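**Student:** Any chance you can model this:
(one chain, ligands or ions: 1)
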Amino acid sequence: MSIISWLFLTMAIAVVGSLYYFLRSLDSLAATEISQRMNLALKIENQHRQELLEEYSYWDEAYEKIVVEHDAQWIENNSGDYLLDNNGFDFSIAVEQGEKAAYLTKNEDAQRLNFDEIMDQGLAELMSMSGTLSTDTQTVSGYLLLDESLYFVVGGPFIDEGTGTPRAGSYLALGTRMDYEYQNMLATNYQLFELKLDLSIKNQANSMTLRSPMGNQIGTFSWKPYSPSRNIIPAITLVIIAFFLVTTLVTRHILQKEQANRATYENKLYFEATRDSLTKINNRRYFMEIGYKEFHLYKLLERLFTVVVLDIDHFKEINDNYGHRVGDKALVHFTKLCCQELRESDIFGRIGGEEFAIVLPNTSIKTAAEVANRIRTLVIENPLHVDNNTIQITVSAGIAALNKQAHFEVLLDQADKALYQAKGSGRNRVMLYN
Ligand SMILES: Nc1nc2c(ncn2[C@@H]2O[C@H](COP(=O)(O)OP(=O)(O)OP(=O)(O)O)[C@@H](O)[C@H]2O)c(=O)[nH]1
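**Tutor:** Numbering: from 1, shown residues only. Have a look, this model is predicted:
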């Protein structure tokens, strides 16, 4: 795997790890918040119901009509339908003089309740707890299990409006059945999810225990923990995938561009190191390098191997008569003409100012002479046309073939000697070394 791939892998692990930690923390925070919200919900509901109870027990007329006058009609109307319907209670119960008399009104949902059951299942405790309180209202609340349903009950004595003191021997309690409707109301008002009341006693996460006035566990309220991660994960996953996709594409693009640049640069370097800058054919150094290798290979294989050295005749005159720029054009022109006569396998190079050499593998000295003569003829037939001048060029060539020479330079030197003879014999001719 490349360093980049390792880098990506490490980055991906770090991102996923951090995200996992972040989402876990988020979920845990949310779970704590929901649990706090649940506690607050029950506290607020408790407070609200206690305030309603206080309002009623501070009402002297209620005390007079219920405890003193026993006005059944008044009781029915005021602590009955009105109180229950308008404030969400399911029953109200007024107890007088240590249970001597009781007035119980209840709505349809609490029809099966009776006074004794309510007293037995916890109201007696509530009353005794109220009595021990030194507060003005002596209001107490608690959960009671009545007729297999859980009720939230608030209770306290009637209060003398004038003196503000509890009236001894009187007690008023209001109960709310914790039914589906009540749970629904809690869920909606306090943004809680999937609230469930369970009468079996379980100690589990995301739940709270409900206790009777005496502190006994009588039920469990559980809720669904809110997991923000579930909502965020698809979006985050998309963002991560998009991020890695874009990063991968951009990196790939940059690397490819870099590679292409490097390849172009290397090609350029290679070209500059091996080619003659004017004619673009092999320079002397590179010609000698590959010529040397081919020479030894063909010597080993005992195959035909010939070298031709070419030199433009009286080139100095071209320079002198038309200038160096035209001289350069003549060199390029000559090179192009030579190339027309050469094979792919031939090695052509500029080995001096106006001196060129060709390595002809698998070629006899006779064939090499034919090639050299074809070049010579082509050069004569194609004078250089420049700046309205027609410049006739001729070339002389010397040829040597591989036989017993130990080095490539020796062969080249022999071809050069033949060239010298060609020059000496009047130029524009091809001579063989012998
Ligand atoms: N324009 C141009 N001239 C060059 C270049 N390289 C060498 N020369 C010139 O080529 C000429 C070669 O002259 P000589 O060596 O006297 O040979 P010649 O005039 O060709 O005469 P022979 O070879 O004897 O036929 C010199 O004047 C060099 O300055 C080049 O790259 N461009």
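**Student:** can you list the domain ranges for this protein.
**Tutor:** The record's domain split for the chain, according to automatic domain parsing, is 3-226, 284-432.
**Student:** which one of the ones you listed lies closest to the ligand?
**Tutor:** Closest to the ligand of the domains of the chain, according to Cβ to the nearest ligand atom: domain 284-432, at 2.3 Å. The C-beta positions use only the backbone N, C-alpha and C, and glycine is treated the same way.
**Student:** just checking, residue 80 touches residue 92?
**Tutor:** Yes. Under the criterion of Cβ atoms under 8 Å, residue 80 makes contact with residue 92 at 7.2 Å.
**Student:** any common contacting residues for these two?
**Tutor:** residue 105 (Cβ atoms under 8 Å, 6 or more residues apart in numbering).
**Student:** So between these two, which is more surrounded?
**Tutor:** For residue 80 versus residue 92, neighbours defined as other Cβ atoms under 10 Å are more numerous around residue 92 (25 against 20).
**Student:** Let's see the pLDDT reported for that one.
**Tutor:** If you check residue 92, the pLDDT there is 92.
**Student:** Kindly report the same for the one 3 residues further on.
**Tutor:** Note on residue 95: pLDDT of 90.
**Student:** Provide a list of residues in contact with it.
**Tutor:** By Cβ under 8 Å, 6+ apart, residue 95 lies in contact with 101-102, 123, 127, 170-173.
**Student:** Drop anything exposed from those.
**Tutor:** Neighbour counting with 16 or more other Cβ atoms under 10 Å marks 102, 123, 127, 170-173 as buried within the contacts of residue 95.
**Student:** Looking at those, spot the one nearest residue 212.
**Tutor:** Nearest to residue 212 among the buried ones among the contacts of residue 95: residue 123, at 10.8 Å, using Cβ to Cβ.
**Student:** And the pLDDT for the closest one?
**Tutor:** 91.
**Student:** any idea how far the residue in the stretch 151-300 of the chain that the ligand sits nearest to is from residue 324?
**Tutor:** Distances between the stretch 151-300 of the chain and the ligand by Cβ to the nearest ligand atom are smallest at residue 278, namely 5.8 Å. Computed as Cβ to Cβ, to the nearest Å, the residue 278 to residue 324 distance reads 11 Å.
**Student:** Looking at the two, which has the bigger crowd around it?
**Tutor:** Just comparing residue 278 and residue 324: by other Cβ under 10 Å the higher neighbour count belongs to residue 278, 13 against 10.
**Student:** Briefly note if the helix or strand harbouring residue 306 comes near the ligand.
**Tutor:** Element membership of residue 306 [criterion: DSSP states H and E] is strand 305-312. Yes. Using Cβ under 6 Å from any ligand atom, strand 305-312 comes into contact with the ligand via 311-312.
**Student:** What is the helix or strand that that strand is followed by packed up against?
**Tutor:** Downstream of strand 305-312, the first helix or strand assigned by DSSP H and E is helix 315-322. Packing partners of helix 315-322 (3 or more Cβ pairs under 8 Å, 6 or more residues apart in numbering; DSSP states H and E): helix 324-341, strand 389-391.
**Student:** any bit of helix 315-322 sitting next to the ligand?
**Tutor:** Yes. Using Cβ under 6 Å from any ligand atom, helix 315-322 reaches the ligand at 315-316, 319.
**Student:** For this protein, what lies in contact range of the ligand?
**Tutor:** So far as Cβ under 6 Å from any ligand atom goes, the chain lies against the ligand at 278, 311-316, 319, 324, 327-328, 331, 353-354, 423, 427.
**Student:** Find the nearest non-adjacent residue to residue 339, please.
**Tutor:** The spatial neighbour of residue 339 that comes closest, neighbours along the chain excluded (Cβ to Cβ, 6 or more residues apart in numbering), is residue 348 at 6.9 Å.
**Student:** Can you give the contact residues for the helix or strand where the one you found lies?
**Tutor:** According to DSSP H and E, residue 348 maps onto strand 347-350. Residues from elsewhere that reach strand 347-350 (Cβ under 8 Å, 6+ apart): 276, 278-279, 281-284, 286-288, 290-291, 294, 331, 335, 338-339, 342, 356-359, 361.
**Student:** And stretch 245-256, by the same measure?
**Tutor:** Against stretch 245-256 from outside (Cβ under 8 Å, 6+ apart): 4, 8.
**Student:** Can you point out the buried residues in it?
**Tutor:** Within stretch 245-256, no residue qualifies as buried by neighbour count (16+ other Cβ under 10 Å).
**Student:** Then stretch 426-434?
**Tutor:** 428-433.
**Student:** end to end, how far does stretch 67-78 reach?
**Tutor:** Using Cα to Cα, to the nearest Å, the end-to-end distance of stretch 67-78 comes to 14 Å.
**Student:** Now do the buried residues in it.
**Tutor:** 67, 74-75, 78.
**Student:** For the helices and strands packed on helix 315-322, give me TSV that also has mean pLDDT and distance to residue 207.
**Tutor:** Shown next, in TSV, are the helices and strands packed on helix 315-322 (pLDDT from 0 to 100; distance: least, Cβ to Cβ, whole Å):
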stretch	mean pLDDT	distance to residue 207
helix 324-341	97	93
strand 389-391	94	107
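**Student:** got CSV for these, with distance to residue 136 too?
**Tutor:** Shown next, in CSV, are the helices and strands packed on helix 315-322 (distance: least, Cβ to Cβ, whole Å):
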stretch, distance to residue 136
helix 324-341, 118
strand 389-391, 129
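**Student:** With respect to burial, which of those scores highest?
**Tutor:** helix 324-341 (a mean of 17; mean count of other Cβ atoms under 10 Å).
**Student:** how about it as PDB, C-alpha atoms only?
**Tutor:** Extracted C-alpha coordinates of helix 324-341, given in PDB (Å, rounded to 0.1, in the frame of the first residue of the first chain):
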ATOM      1  CA  HIS A 324      25.700  31.300 -40.200                       C
ATOM      2  CA  ARG A 325      21.800  31.200 -40.100                       C
ATOM      3  CA  VAL A 326      21.700  29.800 -43.700                       C
ATOM      4  CA  GLY A 327      24.500  27.500 -42.800                       C
ATOM      5  CA  ASP A 328      22.300  26.100 -39.900                       C
ATOM      6  CA  LYS A 329      19.400  25.700 -42.400                       C
ATOM      7  CA  ALA A 330      21.700  23.800 -44.700                       C
ATOM      8  CA  LEU A 331      22.600  21.400 -41.900                       C
ATOM      9  CA  VAL A 332      18.900  20.800 -41.000                       C
ATOM     10  CA  HIS A 333      18.100  20.400 -44.800                       C
ATOM     11  CA  PHE A 334      20.900  17.800 -45.200                       C
ATOM     12  CA  THR A 335      19.800  15.900 -42.100                       C
ATOM     13  CA  LYS A 336      16.200  15.600 -43.400                       C
ATOM     14  CA  LEU A 337      17.500  14.300 -46.800                       C
ATOM     15  CA  CYS A 338      19.600  11.600 -45.100                       C
ATOM     16  CA  CYS A 339      16.700  10.500 -42.900                       C
ATOM     17  CA  GLN A 340      14.700   9.800 -46.100                       C
ATOM     18  CA  GLU A 341      17.200   7.100 -47.100                       C
END
